[in-house]
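**Q** fold the stuff below for me.
(2 chains)
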Amino acid sequence: MIFGIPVQAFLGQLLIGLINGSFYALLSLGLAVIFGLLRVINFAHGAQYMLGAFVAFLLLQYFAIGYWAALILAPLIVGLLGAVIERTMLSRLYNLDPLYGLLFTFGLALTIEGTFRYLYGASGQPYAAPSWLAGGTNLGFMFLPNYRGWVVVVSLLACLGTWLLIEKTKLGSYLRAATENPVLVQAFGVNVPLLLTFTYALGAGLAAFAGVLAAPVYQVSPLMGTNLIIVVFAVVVVGGMGSIMGAIVTGYMLGIAEGLTKVFYPEASNIVIFVIMAIVLLLRPAGLFGRDA
Amino acid sequence: MKPLLEVKGLNSWYGESHVLHGVDMTVREGEMITILGRNGVGKSTTLRTIVGILRERKGQILFDGKDMMTVPLHRTAHAGIGFVPEERGIFATLTVEENLMLPPVVAKGGLSLEEIYGLFPNLAERRTSPGTKLSGGEQQMLAMARILRTGVKMLLLDEPTEGLAPVIVQRIGEVLKKLKERGMTVLLVEQNFRFASKIADRFYLMDHGQMVADFPVSELPDQMPMLHKVLGV
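**A** Okay, here's the model as predicted:
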């Protein structure tokens, strides 16, 4: 017993928190990368997450392409789609008020989600976890569904990989420098417009990756992103807009906070993240990891 | 020496504000040129327009015989023009070495990392610090050093001595002399007249968005009365 709560229940909710946190982290990471460089609040992020899950579902349905290939292919397809959208539409809005980028991506999300709702209805489609990860493992103190353990591990790796890409590579140094002063980086001979396209594709691809991971956990539904994206925006605000590490750490932290609230005071579990957001905004408007502007 | 940079009738605008009113200037290979002028006459704007950061521009810019007016900003460096902005543009989220390695190498003939660390030992010592943790003087050295790596033919320097201690200013002068020995062409905007008079081969005097005079350093004593009048020095 921990504080009068059975250990089983406690660990169970901790795991659910960790799983939700994995999705929060992956999604807020993409949002933070896009916002950092493009200064666009990507409202289409939830739709891109949903697209990832749907591409996996459709690949299986029509081409008999399974989970493992989908985990690679869906982010590539959605990332490519993101690149086309950035090149042909979003890039035209950079010289305007940032509000235009927000409105455009919001409209894009409504269009994509509406189209899929029209085609597939609002109810979810099941997507089976790969057989290799079916079942669960008895850890002695709790029962861990294998697929959920896999989600936690692989999303942690994806976050870490993205962080390394941005903090430790040459490409990452271009990204960081262009986030600070795009004009000068371009004057140095770096093709910044191409970098912006790549970044949007990367963010969209990460969202799609999360979507494929989510497909077997939740159902594949046109509105699966809508429910999640609001929480993810709260995560980004708490972590600090544009902070990569902040987005990752805050994602996991808030997922766990939400899970634990379900144990101790279930009534508050739906709002705890927003309560934390309000408190953080009061005490540190730039977010926990944000640099003061 | 043949002309490396030829600017003819260059006009440019910041939105509604017309800043350059027909700038004409020629910089020959290996020359060190200083643009003099009071605050706000368009010296920095001249550099920013040549580089192509300011794109509302009309006129002619030939660099190494190539028409630069239609070259996109990210190809300017590849044509051989390196730029060190007035605010230095050191990146806070990059280490000193990342700052140094940031601008892509565009041609052979640039300094190697070892040569740069030889020239600027301070930078070697602090290679893993965030770029903006350096002192103002070190940041200016870093801003220059990173362009020297790239192998550009010409360096456009905006007020390199601004706000720096005399001993650092002297150090920057030495670095510029070394660059000149290596054949680098330099176009400098400088408020520090004493500093400029020691290193430049030739001067352009700018007023109201135009070049109003140009003369070699040998004529400097004769030009002093006129400079007093225009610059108020």
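
**Q** surely A:Gly21 is in contact with A:Thr250?
**A** No: counting by C-beta atoms under 8 Å, A:Gly21 sits too far from A:Thr250 to count as a contact (9.2 Å). Every residue, glycine included, has its C-beta placed from N, CA and C.

**Q** the more surrounded of the two?
**A** A:Thr250 (32 against 27; other C-beta atoms under 10 Å in any protein chain shown).

**Q** which helix or strand contains the more buried one?
**A** helix A:244-264 (DSSP states H and E).

**Q** same thing with B:Glu87?
**A** Short version, using DSSP H and E: B:Glu87 is in no helix or strand.

**Q** just the pLDDT for it.
**A** Looking at B:Glu87, its pLDDT stands at 91.

**Q** ok, now A:Asn95?
**A** Per-residue confidence (pLDDT) for A:Asn95: 85.

**Q** and A:Gln8, how many neighbours?
**A** Counted with other C-beta under 10 Å, A:Gln8 comes out at 11.

**Q** quick one, what contacts B:Leu134?
**A** For B:Leu134, the contacting residues are B:Ile90, B:Val96, B:Asn122, B:Leu123, B:Arg126, B:Leu142, by C-beta atoms under 8 Å, 6 or more residues apart in numbering or on different chains.

**Q** just to be sure, which of those residues are found in helices?
**A** B:Val96, B:Asn122, B:Leu123, B:Leu142 (DSSP state H).

**Q** and the residues you listed, which is closest to chain A?
**A** Nearest to chain A among those is B:Val96, at 11.9 Å by C-beta to the nearest C-beta.

**Q** so B:Gly110 lies in a strand, does it not?
**A** No: B:Gly110: not assigned to a strand; according to DSSP: H, G, I helix; E, B strand; the rest coil it is coil.

**Q** summarise which helices and strands whichever helix in chain B runs longest is packed against.
**A** Longest helix in chain B, counting residues (DSSP H): helix B:166-181. Here helix B:166-181 touches helix B:136-148, strand B:185-189, helix B:193-199, going by 3 or more C-beta pairs under 8 Å, 6 or more residues apart in numbering or on different chains; DSSP states H and E.

**Q** would you mind finding the most buried of these?
**A** strand B:185-189 (a mean of 24; mean count of other C-beta atoms under 10 Å in any protein chain shown).

**Q** hmm, that one in reach of chain A?
**A** No: on the criterion C-beta under 8 Å from any C-beta of the partner chain, strand B:185-189 is out of touch with chain A, staying 14.6 Å away.

**Q** in its sheet, what does that strand sit against?
**A** Note on strand B:185-189: by DSSP bridges, its sheet partners are strand B:32-36 (parallel), strand B:154-158 (parallel).

**Q** pull the contacting residues for the residue lying closest to B:Leu100 once chain neighbours are set aside.
**A** With sequence-adjacent residues excluded and distances taken as C-beta to C-beta, 6 or more residues apart in numbering or on different chains, B:Leu100 is closest to B:Arg146, at 4.9 Å. Counting by C-beta under 8 Å, 6+ apart, B:Arg146 makes contact with B:Asn99, B:Leu100, B:Met101, B:Leu102, B:Pro103.

**Q** what's the closest non-adjacent residue to the residue in chain A that chain B sits nearest to?
**A** Proximity of chain A to chain B (C-beta to the nearest C-beta) peaks at A:Gly189, 3.2 Å away. Distance criterion C-beta to C-beta, 6+ apart; nearest residue to A:Gly189, sequence neighbours excluded, is B:Ala77 at 3.2 Å.

**Q** likewise A:Gly259?
**A** Spatially, and ignoring its direct neighbours in sequence, A:Gly259 is nearest to A:Gly17 (2.1 Å; C-beta to C-beta, 6+ apart).
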